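S.K.: all I have is the shape, not the residue letters:
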């Protein structure tokens, strides 16, 4: 798979993940709306069902019991004191023909004191269908008093048999009259209540669907401005500082968009001011360095002549001459370093690539500076890389020279290959770098001790080395070794051609809303 396809896959994956995160927030809003609607609909449906159920059952129950009580007074109360079974059955049949359509069971005593039973429907209603507790309550005689004018009362109970609900009621005629029980099926009412439950369930489902659609619309209304704000913030982070949002309305999201626009405007202004000041500073340093080169050339020429004649000068003057020569060279190095730093800051530094034998390059760097006796090189012959030889020499000279100056000899330079990368490690055997200094070793003009603001170097060597590594697409790291000493690791690609072919791309700024 090519790098281009890998890049497209990563971009597609990021878009999919972003879409999932966006959908997740939308889903949470829809779920919350749905749960609220479901809770409200179920609560309302449950209350409506319970109220209707009680109303239907109470109405049916009252009508049946009132009718049964009236029939007991009229039909059973007119029976002889000691009715026969035929009398009871005839009265039970006439009572069951009421408009309420219930079965009747009548019980009395014949002249012999034997219990006789009359049933309107012997196959469907017998005494075993009457709960024992109800029989006991019906036959219990209560004393007459001010609050109780009847010895016997009408009692009822709901029961379910074989999945069918029934209403069972019973009472006894005053004056040792017959006892009567009624059994009424509540199946029609149950079917009506089932239809009501289905209707309420369908209404709840429709309410839930409506709530989901409403939640979707609300989520779109809320999340669309948030999504636009997120896109605008991402573009602002990419450097498109002229990104602005269209603002409409007076709600909180509109106020948030106005705040974003004000923030982006202030940020753009501050960045523009900082860029202008930075450009002015770079131009000043470049102009100053350029202007210093002409007088420095003359001073350098004079100092070289004085150095050649130093041995024949007055001994009182010789130290001053040598100091002038040394400081002139130092000033010349500083100006060259400043001009190099300015080129890096301005983005005008360019690579001039060539095929380089790394071992030969390091050997030449060490030999030119007369460091052969102080440096131990561990590098295989034949390791080549396509780099800028001049800039590589600057990096090596700075790293090795820094190790010799601050760490002491012997300095070991090791070259290894790691995949497509070239690793060059420069190790010394000194005391190492203080931990508080380690994060700042590549900072420009950084001094490890405030009491020693002046040193032989310019304070720019390691920062220039790091910039030269970056322009190759590489990196330099510094660390301390457990056994003592410091190590600088230079990592460079074996072929830096992609850093030359790749154009300088600046973020494109676009006007308008996100």
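M.R.: Happy to help now that I have it. What you are looking at is a predicted structure, and each value in this text was computed from that prediction instead of being measured.
S.K.: measure residue 48 to residue 191 for me?
M.R.: In this structure, residue 48 and residue 191 are separated by 18 Å, where distance is defined by CB to CB, to the nearest Å. Quick note: C-beta positions are derived from backbone N, CA and C, even for glycine.
S.K.: if you count surrounding residues, which of those two has more?
M.R.: When residue 48 and residue 191 are compared for neighbours, residue 48 comes out ahead with 15 against 10, by other CB atoms under 10 Å.
S.K.: neighbours of the closest residue in space to that one that isn't next to it in sequence, how many?
M.R.: Sequence neighbours aside, residue 200 is the residue nearest to residue 48 in space, at 6.2 Å (criterion: CB to CB, 6 or more residues apart in numbering). Applying other CB under 10 Å, we find 18 residues neighbouring residue 200.
S.K.: just use 88 as the starting number from now, easier for me
M.R.: All right, first residue 88 from here; so that's residue 287.
S.K.: so, low pLDDT: which residues of the stretch 338-487 of the chain?
M.R.: Within the stretch 338-487 of the chain, the set of residues satisfying pLDDT under 70 comprises 369, 371-373, 375-377, 422, 424-425, 432-433.
S.K.: what about residue 240, which SS state?
M.R.: Using DSSP: H, G, I helix; E, B strand; the rest coil, the structure places residue 240 in coil.
S.K.: that one reaches residue 226, doesn't it?
M.R.: No - Residue 240 is beyond contact range of residue 226, at 10.9 Å (criterion: CB atoms under 8 Å).
S.K.: tell me, how many neighbours does residue 138 end up with?
M.R.: Other residues within reach of residue 138, judged by other CB under 10 Å, total 10.
S.K.: helix or strand for it, which one?
M.R.: With secondary structure defined by DSSP states H and E, residue 138 is part of helix 90-161.
S.K.: which stretches of the protein form helices?
M.R.: 90-161, 172-183, 219-226, 274-324, 339-395, 405-433, 445-455, 476-493, 548-558, 584-588 (DSSP state H).
S.K.: for the ones you listed, which one sits closest to residue 517?
M.R.: Among the helices of the chain, the nearest to residue 517 by CB to CB is helix 476-493 (6.2 Å).
S.K.: which residues touch that closest one?
M.R.: By CB atoms under 8 Å, 6 or more residues apart in numbering, the residues outside helix 476-493 that reach it are 438-439, 441, 443, 448-449, 451-453, 456, 458, 461-462, 498, 500, 511, 513-515, 517, 543-544, 548-549, 551-552, 555-556, 558-559, 563, 573, 575, 577, 579.
S.K.: try stretch 230-247
M.R.: By CB under 8 Å, 6+ apart, stretch 230-247 touches 144, 148, 152, 155-156, 218, 220-221, 224-226, 228-229, 252-261, 273.
S.K.: if you set the cut-off to 6 Å instead, what comes out?
M.R.: Contact partners of stretch 230-247, identified using CB atoms under 6 Å, 6 or more residues apart in numbering, comprise 152, 156, 218, 221, 224-225, 228-229, 253-259.
S.K.: of all the helices of the chain, which lies closest to residue 331?
M.R.: Using CB to CB and comparing the helices of the chain, the one that lies nearest residue 331 is helix 339-395, at 5.2 Å.
S.K.: packing partners of the closest one?
M.R.: The elements that helix 339-395 packs onto, with contact taken as 3 or more CB pairs under 6 Å, 6 or more residues apart in numbering; DSSP states H and E, are helix 405-433.
S.K.: ok, 8 Å please
M.R.: Applying 3 or more CB pairs under 8 Å, 6 or more residues apart in numbering; DSSP states H and E, we find helix 339-395 packed against helix 274-324, helix 405-433.
S.K.: wouldn't the residue nearest to residue 135 be in contact with residue 138 here?
M.R.: No - taking contacts as CB under 8 Å, residue 287 lies outside contact range of residue 138: 11.4 Å.
S.K.: distance of residue 520 from residue 325?
M.R.: 36 Å.
S.K.: between the two, which has more neighbouring residues?
M.R.: Looking at residue 520 and residue 325 with other CB under 10 Å, you find the greater number of neighbours at residue 520, namely 22 against 12.
S.K.: any idea how far that one is from residue 318?
M.R.: In terms of CB to CB, residue 520 sits 45 Å off from residue 318.
S.K.: again, but for residue 312
M.R.: Taking CB to CB as the measure, residue 312 and residue 318 are separated by 11 Å.
S.K.: the more surrounded of those two?
M.R.: Neighbours were counted for residue 312 and for residue 318 using other CB under 10 Å; residue 312 has more, 21 against 15.
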